[in-house]
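>>> need coordinates for the below:
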Amino acid sequence: MRGWEPIDTEVRSHLPFSPAVEANGFIFVSGQASVDETGKIIPGTFEDEMRRSFENVSRVLADAGLTLEDVIRVTSYIRDSSNGPQYNEIYREFFSEPLPARTTLSNCLSPALHFEVDVVAVRAKA
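Below is the predicted model of the structure:
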């Protein structure tokens, strides 16, 4: 037994990874970008791509029976650091106090993407 299992989700990728896995009540959601259900990149503005990325995270979490309120850690990747202020503004629409722990990396994505995000969520004990 591995100690972890993939989450059964409709979100798919043609790349070799699981969209999310669960281990000991923690849900690790792989990097989500502005892609459709086939993994095809849907280009747009920074805001468009950020919103679509978080929509994809929300879909994966929903398939695990969770929401963004269950997220305890966020790692974001921003292609252009000048989008930092807009990132912080939009981020507050998705998360409220108490805010999850967060790391943000900038100037690190290929020209094909403006934004990508991965999260860790926790399943509350009953």
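
>>> now stretch 24-31: mean pLDDT?
Averaging pLDDT along stretch 24-31 yields 94.

>>> residues making contact with that stretch?
Applying CB atoms under 8 Å, 6 or more residues apart in numbering, the set of residues contacting stretch 24-31 from outside is 3, 7, 13, 17-22, 57, 60-61, 64, 66, 70, 77, 116-123, 125. Using the backbone N, CA and C atoms, a C-beta is placed for each residue, glycine as well.

>>> at 7 Å what do you get?
Stretch 24-31 is contacted by residues 7, 17-21, 57, 60-61, 64, 66, 116-123 when judged by CB atoms under 7 Å, 6 or more residues apart in numbering.

>>> how about stretch 47-66?
Stretch 47-66 is contacted from outside by 7-11, 19-20, 22, 27, 29, 32-35, 42, 67-68, 70, 86-87, 90, 94, 113-117, 119, 121, 123, using CB under 7 Å, 6+ apart.

>>> and what of stretch 108-116?
Identification of contacts with stretch 108-116 by CB under 7 Å, 6+ apart yields Gly31, Gln32, Ala33, Ser34, Ile41, Phe46, Glu49, Met50, Ser53, Tyr77, Ile78, Arg79.

>>> hang on, the earlier thing: out of the contacts of stretch 24-31, which sit inside helices?
Assigned to helices by DSSP state H, the following of the contacts of stretch 24-31 qualify: Val57, Val60, Leu61.

>>> can you say which of those are buried?
Applying 16 or more other CB atoms under 10 Å to the ones in helices among the contacts of stretch 24-31, the neighbour count classes Val57, Val60, Leu61 as buried.

>>> tell me which of those is nearest to Arg102?
Val57 (13.5 Å; CB to CB).

>>> got the buried residues for stretch 53-67?
Quick answer for stretch 53-67 (16+ other CB under 10 Å): Ser53, Phe54, Asn56, Val57, Ser58, Arg59, Val60, Leu61, Asp63, Ala64, Leu66.
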